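Colleague: Sharing a model prediction with you, sequence too.
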Amino acid sequence: MGVAVPPEYTPVMEALRQMHGVTMLERRSSPYDVLIATILSQRTRDETTERVFRDVKARWPDVTSLAAADEDEVDAVIHSIGFHRQKARAIIATAKQLEEQHDGQVPSSMDELLELPMVGRKTANCVLVYGFAEPAIPVDTHVHRISNRLGWVETRTPEDTERALVKVLPREHWLEINQLMVSHGKTVCQPQRPRCGRCRVAPHCARAGVAD
DNA sequence: AAAACGGGGGC
DNA sequence: GCCCCAGTTTT
């Protein structure tokens, strides 16, 4: 009986690496910084988020100061990003929750992270992999879309994609896959018109040259 | 399963 | 001006 030949994950990741030149260590930071920065980054562009995160850290450098921050003041500092009111409320509540329930530390388990406001699986997995260097795959819309286009998974939601990917993708690629596919998704494998003619992954892709 | 949240960047 | 976003929560 024919056992299906698994996709060639390593050549794909190598092609992505060549196209996008990710410098992994730049994203490594303390679990707390990853947590706050990732909440702020939801549905907003990186460049904007980076500036806003620096401003937040300058004004409220640690958990204790952020826990005591005034919501209107935080809202004013992060006003240039989307969902600023919810995010201001969320990061203050997160800081308070860390102090009251976790001795001021960021928890390192998925279940505990999911208890924090505005922390879903994608954000929690960012904290685990970038903050704690634990094996986890943050799946956003880019990872979801590209994994399906490649034929690695056949899933309807990012959550389903995450659960499928952790079963098939070798662990050596988990740390890189999010940033590589996000970069790829913004510049080459875009939602509407993927530029397959310029894509070095196309030879390995189930839908190269085919629209969704 | 779908709506709501939102300012900023690209065209 | 209009369309599109590195999600999560609520209905």
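Modeller: Alright, I've got the coordinates.
Colleague: burial of A:S80, as a residue count?
Modeller: Applying other C-beta atoms under 10 Å, we find 12 residues neighbouring A:S80. In this view, the C-beta of every residue, glycine as well, is placed from N, C-alpha and C.
Colleague: same question, A:V201
Modeller: As a burial measure, the neighbour count of A:V201 was computed by other C-beta under 10 Å and equals 22.
Colleague: Over to A:E176?
Modeller: Applying other C-beta under 10 Å, we find 16 other residues in the vicinity of A:E176.
Colleague: Check whether it really touches A:V12, as I assumed.
Modeller: No: under the contact definition of C-beta atoms under 8 Å, A:E176 does not touch A:V12, with a separation of 11.2 Å.
Colleague: Show me what counts as buried in stretch A:115-125.
Modeller: Using 16 or more other C-beta atoms under 10 Å as the test for burial, stretch A:115-125 gives A:L116, A:M118, A:V119, A:R121, A:K122, A:T123, A:A124, A:N125.
Colleague: any idea which of those is the one closest to A:S41?
Modeller: Ranked by distance to A:S41 (C-beta to C-beta), the buried residues of stretch A:115-125 are led by A:T123 at 8.7 Å.
Colleague: mind checking the SS state of that closest one?
Modeller: Remark: A:T123 carries the secondary structure label helix [criterion: DSSP: H, G, I helix; E, B strand; the rest coil].
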